[in-house]
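In: below are the sequence and a predicted model for it; my questions follow.
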Amino acid sequence: MMKRIDFSSLIGFFVGVAISSILVLLFKENPGDVLKVLSGSFLQSKFDMGLTMFYTTCFAFAGLAFSIPFKAGLFHIGAEGQIVLSAMMAAVMGIILPESIGTFGIILIFLATMVLGVLSAQAIAFFKVYKQGHEVVVAIMLNFVFAAIATYVVLQNYQNTESQNPESSLIKPAFQIAKSDSLKVFFENSAVSSFLIVAVISCLAVWFFETKTKWGLEIKAFGENPTAAERMGISAKKVNFLALGIAGFFSSLVGLTEVLGSTFQYKVGFSPAYGFLGIVVALLAQGHPIGILFSSFIMAVLHKGASDLDLETQFLTRDFSKVLQAIIIFCVAGAVYLNHRRKKS
Amino acid sequence: MSAEILLGLILASIRMSLPILFAASGGYFSEKSGVAQIGLEAYLLIGAFTAAAVSFQTNSLVVGYVAAALVAAAFAQIFNILIFKFKANSIVVGTGMNLLAMGLIPIVSKTLFESTGSTPAIDTSEAALNQSLIMVSVVTVLMLALCYWIAEKSSFGLQIKFAGEKSEALTSVGISPIKRRWQAVTLGALITGIGGAILSTYLASSYSPLMSAGRGFIALAAVIFAGWNLRKAWIVVLFFGFAEAIQIQLQNMNLNVKIPNEFIQMLPYLATLVALLLLKNKQQAPKEIS
């Protein structure tokens, strides 16, 4: 049986872009020029392309971190805190581990960061399962707490003494493996790294997980009807901890992409709200893991383009990317509903 | 000396808690009517920017406050239309509202003042500051009285609560719960917008980027921490204001034992989580909240 592909979110996306372009007129700019900057800036050079690929990587992981709990009926807006916390962990490990342990050190960095990512997300599940705390509220609180902890740890103990900016010192050279990353070298030492390949594999793996494995199907079943799922013997506790654990795992990959794949340090405020951008990405793809790959690329292009608006236009700034995201969120949310209603009638 | 410090601390606590007080009161009505409200941050920012810009242009605080309230309420209609007409998820849209406010303000600011940063400072002469203090006092007392009356004494407040708890009951007496929710969200945005005005014209003398600094989320935390009880929420807000005041006090005091800023900043959030851990889980949330 061929499943009809649901294009409503794509329609919502284009409506959103159209509305944003009209909005541009209010600020005395030419919508055509703005669209050209937004969509074309990533093509300017290999370096720009690489940067867009880097954003794509982070957005895809963040999108997965949102979409999997969403399947279980959880609205997960805690990725931002987990990303920041795990980036801190990766940087700290990269600084304190001795270089002599070589590859083993890199494995340790990965493990420690991933474990922290998983646990920090499961903290939400803990409050949800045992204390009936609403996951959104708990996640908001944890986002602030984790950001404060990360900033504190980095600035108090690992501040880069050669820099005025709030950032950690660089991780040990032996752990800066991405420096010789062929993908990075090809894109003129841009931010992109082999984590892009990990992201692509992750999307495929999640697609397999959600459609073919028992756990994946349990998450879906629980999300669609918790009461029925529990009657069938699917434990709410397990689904919550599992779905959020996987989300935390992908959040930690954003942190690793940043620290091991790009900057080799923890910069306070490095994240342009990846956690929230992940929501947009996942909504745009309607939670489909392969779709997330495409929607994260589209969002990355827009994000990269928006950062050029400062230079290319008189009144618009990079902040326009937030406006664009918001309007796309609104239009996609609206379009999906309209489509469901049309199907019913 | 120590009495002076204490008095200063209490006054500072009240000052710092004002924007959160307004946002929490505004958030209370929305949440109570059954609409989860994480867009308070947006209304605070919009209110703060509008008040600073309008007060600067018209040289009148009163006009600034009124504009802040109205613009925030108008802004909330985007939220309302998406939630009630397009049945979108209130948390998705709330996230979008925050993004929209954060993105729109710098662009409007650049168009109006050729600066994405702060708006030009308003009048800070002695007389103007006194006027501002009187203005804030009057508005705050009025707001508290009005919110208390609406929430506890008026039939409108009762209907808002019914919209969040048992909407069929409202429908059966011929009142549309959607309408009450719509009004509750609008009222909430209006009140929160005034909180923003206080933030930019009383606690500061201009709008600076992202000046709400998570106060909208703290306000939401206060409402939840207080178990969706208005008066308890106000007390919680005072506590959060105290945490902020003490943070400023400590920075000025050069203590031997340094308490890191980050820890004091995360106090309200940590407190909310600890409360969740320790409190008995009475299901106090409005039943139909979504």
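Out: Cool, got the structure.

In: every contact and neighbour count from this point should use C-alpha atoms.
Out: Will do.

In: what's residue 10 in contact with, if anything?
Out: By default, I'm working from chain A. By C-alpha atoms under 8 Å, 6 or more residues apart in numbering or on different chains, the residues touching residue A:10 are A:284, A:332.

In: chain B was what I was after
Out: Residue B:10 neighbours (C-alpha under 8 Å, 6+ apart): residue B:242.

In: how near is it to residue B:239?
Out: Residue B:10 sits 10 Å away from residue B:239, taking C-alpha to C-alpha, to the nearest Å as the criterion.

In: isn't residue B:262 right up against residue A:150?
Out: No: look at residue B:262 against residue A:150 with C-alpha atoms under 8 Å: they stay out of range, at 9.2 Å.

In: these two - which one has more neighbours?
Out: Taking neighbours as other C-alpha atoms under 10 Å in any protein chain shown, residue B:262 and residue A:150 compare with residue A:150 leading, 22 against 18.

In: just the pLDDT at that one, thanks.
Out: With respect to pLDDT, residue A:150 has a value of 92.

In: from chain B, how far off is it?
Out: Remark: distance between residue A:150 and chain B (C-alpha to the nearest C-alpha, to the nearest Å) = 9 Å.

In: what of residue A:281?
Out: In terms of C-alpha to the nearest C-alpha, residue A:281 sits 12 Å off from chain B.

In: which helix or strand contains that residue?
Out: helix A:274-284 (DSSP states H and E).

In: just to revisit the earlier point, what is in contact with residue B:10 and residue B:239 at once?
Out: Here residue B:10 and residue B:239 have no joint contacts, going by C-alpha under 8 Å, 6+ apart.

In: re the thing from before, so what does the helix or strand just after the helix holding residue A:281 touch, helix or strand wise?
Out: Next helix or strand after helix A:274-284 toward the C-terminus (DSSP H and E): helix A:289-307. Here helix A:289-307 touches helix A:31-40, helix A:46-71, helix A:195-212, helix A:274-284, helix A:320-344, going by 3 or more C-alpha pairs under 8 Å, 6 or more residues apart in numbering or on different chains; DSSP states H and E.

In: so which elements touch the next helix or strand after the longest one?
Out: Looking back up the chat, that one is helix A:46-71. Following helix A:46-71 in sequence order, the next helix or strand is helix A:79-96 (DSSP H and E). Applying 3+ C-alpha pairs under 8 Å, 6+ apart, one finds that helix A:79-96 contacts helix A:46-71, helix A:103-131, helix A:135-157, helix A:236-258, helix A:274-284.

In: cutoff 6 Å now
Out: If you count contacts as 3 or more C-alpha pairs under 6 Å, 6 or more residues apart in numbering or on different chains; DSSP states H and E, helix A:79-96 packs onto helix A:103-131, helix A:135-157, helix A:236-258.

In: worst mean pLDDT among these?
Out: Minimum mean pLDDT among the helices and strands packed on helix A:79-96: helix A:135-157, a mean of 89.

In: buried ones in that one?
Out: Within helix A:135-157, the residues that qualify as buried by neighbour count (16 or more other C-alpha atoms under 10 Å in any protein chain shown) are A:135-155.

In: looking at the chain, which helix or strand does the model trust least?
Out: You didn't pick a chain, so chain A it is. Lowest on mean pLDDT, DSSP states H and E among the helices and strands of chain A sits helix A:309-312, with a mean of 75.

In: chain B is the one I meant
Out: In chain B, no helix or strand scores lower on mean pLDDT, DSSP H and E than helix B:261-265, which sits at a mean of 75.

In: tell me the mean pLDDT over the helix or strand just after that one?
Out: Next helix or strand after helix B:261-265 toward the C-terminus (DSSP H and E): helix B:267-278. Taken as a whole, helix B:267-278 has a mean pLDDT of 80.

In: got it, and stretch B:92-103?
Out: Stretch B:92-103 comes out at a mean pLDDT of 90.

In: that stretch close to chain A?
Out: Yes: judged by C-alpha under 6 Å from any C-alpha of the partner chain, stretch B:92-103 and chain A are in contact via B:96, B:99, B:100, B:103.

In: quick one: low-confidence parts of the chain?
Out: By default, I'm working from chain A. Flagging of chain A using pLDDT under 70 yields the residue ranges A:1-6, A:343-345.

In: other chain: chain B
Out: B:1, B:251, B:253-259, B:280-284.

In: contacts only, for residue A:125.
Out: Residues near residue A:125 by C-alpha atoms under 6 Å, 6 or more residues apart in numbering or on different chains: A:240, A:241.

In: any idea which helix or strand comes after the lengthiest helix in chain B?
Out: The residue-count maximum for a helix in chain B (DSSP state H) belongs to helix B:2-32. Using DSSP H and E, the helix or strand that follows helix B:2-32 towards the C-terminus is helix B:40-58.

In: what's next to that next one, contact-wise?
Out: Identification of contacts with helix B:40-58 by C-alpha under 6 Å, 6+ apart yields B:61, B:64-65, B:68, B:72, B:98, B:101, B:122, B:189, B:192-193, B:196-197, B:200, B:206-207, B:216.

In: skipping adjacent residues, who's closest to residue B:106 in space?
Out: Excluding the flanking residues, the one nearest residue B:106 by C-alpha to C-alpha, 6 or more residues apart in numbering or on different chains is residue B:116, at 4.7 Å.

In: phi, psi of the one you found?
Out: Dihedral pair for residue B:116: phi -80, psi -10, per degrees, to the nearest 10.

In: contact residues of chain B facing chain A?
Out: Proximity of chain B to chain A, by C-alpha under 6 Å from any C-alpha, involves residues B:86, B:88, B:96, B:99, B:100, B:103, B:107, B:110, B:111, B:262, B:266, B:269.

In: what sits against the last one?
Out: Remark: with contacts taken as C-alpha under 6 Å, 6+ apart, residue B:269 is in contact with residue A:141.

In: hmm, back to that, ok, of the contacts of helix B:40-58, which come out buried?
Out: By 16+ other C-alpha under 10 Å, the contacts of helix B:40-58 give B:61, B:64-65, B:68, B:72, B:98, B:101, B:122, B:189, B:192-193, B:196-197, B:200, B:206-207, B:216 as buried.
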